[in-house]
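Q: show me how the following folds:
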Amino acid sequence: MINKIVDSAQVAVADVPDGATILIGGFGGAGMPHELIEALIEQGARDLVVVSNNAGNGETGIAALLKAGRVRKIVCSFPRQADSQVFDDLYRRGAIETELVPQGNLAERIRAAGAGIGAFFTPTGFGTTLAEGKETRLINGRDYVLEHPIFGDFALIRAELADRWGNLTFRKAARNFGPIMASAARCAVVQVSATVELGALDPEAIVTPGIFVQRVVCIPPPGTAAGARAEARQ
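A: Got it, this is the predicted structure:
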């Protein structure tokens, strides 16, 4: 019987090795898999390469992972904002490598990995320092830059509902990078607010099919009845 549901976030990330490339979903706080990140910090993997839209907010989520000294390099499109003090400090001290990727390029490079696309040309970034050292080409009178896929060893993402096969639905903007990251990683680990019986999800509502998901952990939101039961068990 196929059952991808695991008992805890700790079990879900237990085999993440040092040096792994981790794709982490989220757009700011929307869709951020906080509990999976906390479990990864507790697990202790180091020298990680993190791929995400942001470089952390405040001192939670990705910022907490950075603060714990577990990240060697971050690949992102929006590293600095008002509350990115953890990243700012590391960057100014030369304690972290950073690869800046325009947001559209970031999404397409991740999508390309999942779609089996070897590389693609884009006009975004041409003529800037972001194109230095990359192949360029004139196509139909317009200049393009060659970009390559971004693969992940693991993806940590957040969805709304899942069944035991790993079929996923998302809640509104929390979807963001989740679906493409699941397809681009060797092992997609998903935290969901609730699990449902097989067949309960409308096939037309499933955004990410279970073929792209390896592990699911149910973490009910705080303040819900299910969340209160989960806290009582801890």
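Q: which residue ranges of the protein form helices?
A: With helices called from DSSP state H, the chain shows them at 9-12, 34-43, 62-67, 85-92, 103-115, 178-184, 225-233.
Q: my guess is residue 200 contacts residue 163, does it?
A: Yes. Under the criterion of Cβ atoms under 8 Å, residue 200 makes contact with residue 163 at 6.6 Å. For glycine as for every other residue, the C-beta is placed from the backbone atoms N, C-alpha and C.
Q: quick one, which of those two is more surrounded?
A: residue 163 (23 against 10; other Cβ atoms under 10 Å).
Q: flag the shaky bits of this structure, pLDDT-wise.
A: Applying pLDDT under 70 to the chain picks out residues 223-234.
Q: strands along that one, start to end?
A: All strands of the chain, identified by DSSP state E, fall at 21-24, 48-51, 71-76, 97-100, 120-122, 136-139, 142-147, 152-162, 168-169, 185-195, 215-218.
Q: distance to residue 207 added to those strands, as CSV?
A: Formatted as CSV, the strands of the chain follow (distance: least, Cβ to Cβ, whole Å):
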stretch, distance to residue 207
strand 21-24, 16
strand 48-51, 20
strand 71-76, 23
strand 97-100, 28
strand 120-122, 23
strand 136-139, 32
strand 142-147, 25
strand 152-162, 8
strand 168-169, 6
strand 185-195, 11
strand 215-218, 14
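Q: out of these, flag the one nearest residue 129.
A: Ranking the strands of the chain by proximity to residue 129 (Cβ to Cβ) places strand 97-100 first, at 9.0 Å.
Q: pull up the pairing partners for that closest one, direction included.
A: Paired neighbours of strand 97-100 in the sheet (DSSP bridges): strand 71-76 (parallel).
Q: now do the partner strand: distance to the chain's middle.
A: 12 Å (Cα atoms, centre = their mean, to the nearest Å).
Q: now the angle from that strand to helix 103-115?
A: 110 degrees (axes from the mean of the first three to the mean of the last three Cα atoms, to 10 degrees).
Q: got the contact list for residue 167?
A: Neighbouring residues of residue 167 by Cβ atoms under 8 Å, 6 or more residues apart in numbering: 201, 206, 208-210, 213.
Q: on that earlier part again, with distance to residue 58 and mean neighbour count added, can I get the strands of the chain in CSV?
A: Output for those, formatted as CSV (distance: least, Cβ to Cβ, whole Å; neighbours: other Cβ atoms under 10 Å):
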stretch, distance to residue 58, mean neighbour count
strand 21-24, 15, 26
strand 48-51, 16, 23
strand 71-76, 16, 20
strand 97-100, 19, 14
strand 120-122, 32, 16
strand 136-139, 39, 11
strand 142-147, 31, 16
strand 152-162, 17, 25
strand 168-169, 27, 24
strand 185-195, 19, 22
strand 215-218, 24, 22
